[in-house]
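**Q** Any chance you can model this:
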Amino acid sequence: MKNYDKDLYTSINSETWDEWAENGCEWTIPVTQEEFLSAKESGKVSVYLTPCVTVPDEWFGDLRGKRLLGLASGGAQQMPLFAAAGAVCTVFDFSDSQLEKEKIMSEREGYAIDIVKGDMSKPLPFPDGSFDIIFHPVSNCYVKDVRHIWRECARLLVPGGRLLAGFDNGLNFLFDDTLTEPLTLKNRLPFDPLEMDDEEFNRMRDNAEGIQFSHSMEEQIGGQLDAGLCLRALYEDRDRDGALRNYVPQYMATLSVKPG
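**A** Reported below is the predicted structural model:
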């Protein structure tokens, strides 16, 4: 892999997701035509913000005609279903391979979607009040500044708009990389490879792990509140495998609403 300045860590993450998509990572496999047609017939979707628990139907409401942003949501795992249920969809992602899957799926099934490549650690390229719903599955672990993301989401939502977000609680970063028993404490939290010595940064880069960060609940939930959003509901979830899931939830999903 190329040599990078640490400030360019998001480019490493973009390349990492391209590699994962090409290798068939489970989070890069598009929905089936049967799933698409089911959503089109029923108007309901079955999607994940976190690894195992599907998002409650009531978090979406009626999707017909709603302007929906899939934030860091490329890979055609959710957006085709939202489009099938009648939403007006935009997907924003930093992986060419993930966005190519969106293009292929939309052309195959014949629905419209705006496909935008970009880095969510930067200002998002949309006007204020552009969306009724933002769907943001687990991905902000690839960005150092989570509060920036929440501020941008609040800016982009219309009054009364909904942010559906999934994120990890940081516990996966506390232990060694194997997450097998016996679990071994390794890192202090918050885990920030940009603030550590070069060895850990280079290891993550060279092993195609992506440059990942842990974030506190003060950043994740408090950051949403500080951005002006109102928390309405949440649930916890666990990884699909690994020893830690047997002891504690590692993920959370939240439904927040912009006042007005």
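**Q** contacts, neighbours, all on C-alpha from now
**A** Will do.
**Q** Centre-most residue in the protein?
**A** The structure's the chain has its C-alpha centroid closest to residue 137; by C-alpha atoms, centre = their mean the separation is 3.0 Å.
**Q** I'd guessed it sits against residue 166; true?
**A** Yes: applying C-alpha atoms under 8 Å, one finds residue 137 in contact with residue 166, separated by 4.6 Å.
**Q** can you list residues touching both of these two?
**A** 49, 50 (C-alpha atoms under 8 Å, 6 or more residues apart in numbering).
**Q** Quickly list what residue 134 is bridged to.
**A** residue 69, residue 163 (DSSP bridges).
**Q** list the contacts for it?
**A** Here residue 134 is in contact with 68, 69, 70, 71, 153, 157, 162, 163, 164 (C-alpha under 8 Å, 6+ apart).
**Q** Please report how far residue 250 lies from residue 131.
**A** Relative to residue 131, residue 250 is positioned 29 Å away (C-alpha to C-alpha, to the nearest Å).
**Q** whoops, residue 255 was the one
**A** Using C-alpha to C-alpha, we find residue 255 at a distance of 15 Å from residue 131.
**Q** These two: which is more packed in?
**A** residue 131 (25 against 20; other C-alpha atoms under 10 Å).
**Q** Give me the phi and psi for the more buried one.
**A** phi -140, psi 150 (degrees, to the nearest 10).
**Q** residue contacts, it?
**A** Contact partners of residue 131, counting by C-alpha under 8 Å, 6+ apart, are 66, 67, 68, 69, 156, 157, 158, 161.
**Q** The last one: neighbouring residues, count only.
**A** Read it as residue 161. 24.
**Q** can you pull the contacts of residue 98?
**A** Applying C-alpha under 8 Å, 6+ apart, the residues contacting residue 98 are 17, 18, 21, 28, 74, 75, 76.
**Q** Please name the nearest non-neighbouring residue to the fifth one.
**A** For residue 74, the nearest residue in space outside its immediate sequence neighbours is residue 98; the separation is 4.9 Å by C-alpha to C-alpha, 6 or more residues apart in numbering.
**Q** Pull out the buried positions in the host helix or strand of that neighbour.
**A** Applying DSSP states H and E as the criterion places residue 98 in helix 96-109. Neighbour-count burial for helix 96-109 flags 96, 97, 98, 99, 101, 102, 103, 105, 106 (criterion: 16 or more other C-alpha atoms under 10 Å).
**Q** So the last one sits against residue 112, correct?
**A** Yes: taking C-alpha under 8 Å as the definition, residue 106 is a contact partner of residue 112 at 6.6 Å.
**Q** how near is residue 56 to residue 241?
**A** Applying C-alpha to C-alpha, the value for residue 56 to residue 241 is 23 Å.
**Q** From residue 173, how far out is residue 164?
**A** 23 Å.
**Q** could you say which helix or strand contains the residue lying closest to residue 193 once chain neighbours are set aside?
**A** Spatial nearest neighbour of residue 193, chain neighbours left out: residue 201 (5.4 Å); criterion: C-alpha to C-alpha, 6+ apart. Under the criterion of DSSP H and E, residue 201 resides in helix 198-206.
**Q** and after that helix, which helix or strand comes next?
**A** helix 217-226.
**Q** Export whichever helix or strand comes after that following helix to CSV, keeping only CA atoms.
**A** Using DSSP H and E, the helix or strand that follows helix 217-226 towards the C-terminus is strand 230-237. Extracted in CSV, the C-alpha atoms of strand 230-237 (Å, rounded to 0.1, in the frame of the first residue of the first chain):
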residue,chain,number,x,y,z
CYS,A,230,-33.5,15.5,20.1
LEU,A,231,-33.0,11.9,21.0
ARG,A,232,-36.2,9.9,20.6
ALA,A,233,-35.2,6.2,20.8
LEU,A,234,-32.2,3.9,21.0
TYR,A,235,-31.3,0.2,21.2
GLU,A,236,-28.1,-1.7,21.7
ASP,A,237,-26.6,-4.5,19.6
